[in-house]
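Asker: Pasted the sequence and its predicted model underneath.
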Amino acid sequence: MQAKIYLSPSMIKDFIRVTSKCDFDIDIASYNKYFVDAKSIVGVLGLDMTHSLTLVYNGYNEELEEFIMSHRVAC
């Protein structure tokens, strides 16, 4: 599955807390098409937060879905 979200630097800690609870892989495809592990605080901190991020994952976690819905980029 894929979802486009926007994260501000102040949201990163909560984002990592949510993703680290998931028992499946979650990657972030940034605007310049490279992938970062969404559970890695160092990887996420290295991203450009001025652009939307695309989450790529195969699994379901209710807390993750709630986080995505509250930070989803409007199309």
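Answerer: Received it, and whenever you're ready, just let me know what you need.
Asker: is it fair to say V36 lies in a helix?
Answerer: No: looking at V36 with DSSP: H, G, I helix; E, B strand; the rest coil, it is strand, so not inside a helix.
Asker: Let's see the pLDDT reported for the nearest residue to it once chain neighbours are set aside.
Answerer: Spatial nearest neighbour of V36, excluding adjacent residues (CB to CB, 6 or more residues apart in numbering): G43 at 3.9 Å. To be clear about C-beta, it is placed using only N, CA and C from the backbone, and glycine gets the same treatment. As predicted, G43 sits at a pLDDT of 93.
Asker: Look up which helix or strand G43 falls in, please.
Answerer: In this structure, G43 sits in helix 41-45 according to DSSP states H and E.
Asker: Okay, buried residues for that helix please.
Answerer: Buried positions in helix 41-45, judged by neighbour count with 16 or more other CB atoms under 10 Å: G43, V44.
Asker: go on, stretch 52-65?
Answerer: L53, T54, L55, Y57, N61, L64.
Asker: so how far is the longest helix along the chain off the chain centroid?
Answerer: Assignment by DSSP state H gives helix 62-71 as the longest helix of the chain. Between the centre of helix 62-71 and the centre of its chain there are 10 Å (CA atoms, centre = their mean, to the nearest Å).
Asker: so what's P9 up against?
Answerer: Applying CB atoms under 8 Å, 6 or more residues apart in numbering, we find P9 in contact with M49.
Asker: Return the distance of it relative to Y57.
Answerer: Applying CB to CB, to the nearest Å, the value for P9 to Y57 is 22 Å.
Asker: same check, this time on I26
Answerer: For I26 relative to Y57 (CB to CB), the value is 4 Å.
Asker: Can you work out which residues contact both of those two?
Answerer: A38, L64.
Asker: in the protein, what spans have low per-residue confidence?
Answerer: 31-32, 75 (pLDDT under 70).
Asker: same thing but 80
Answerer: 30-33, 74-75 (pLDDT under 80).
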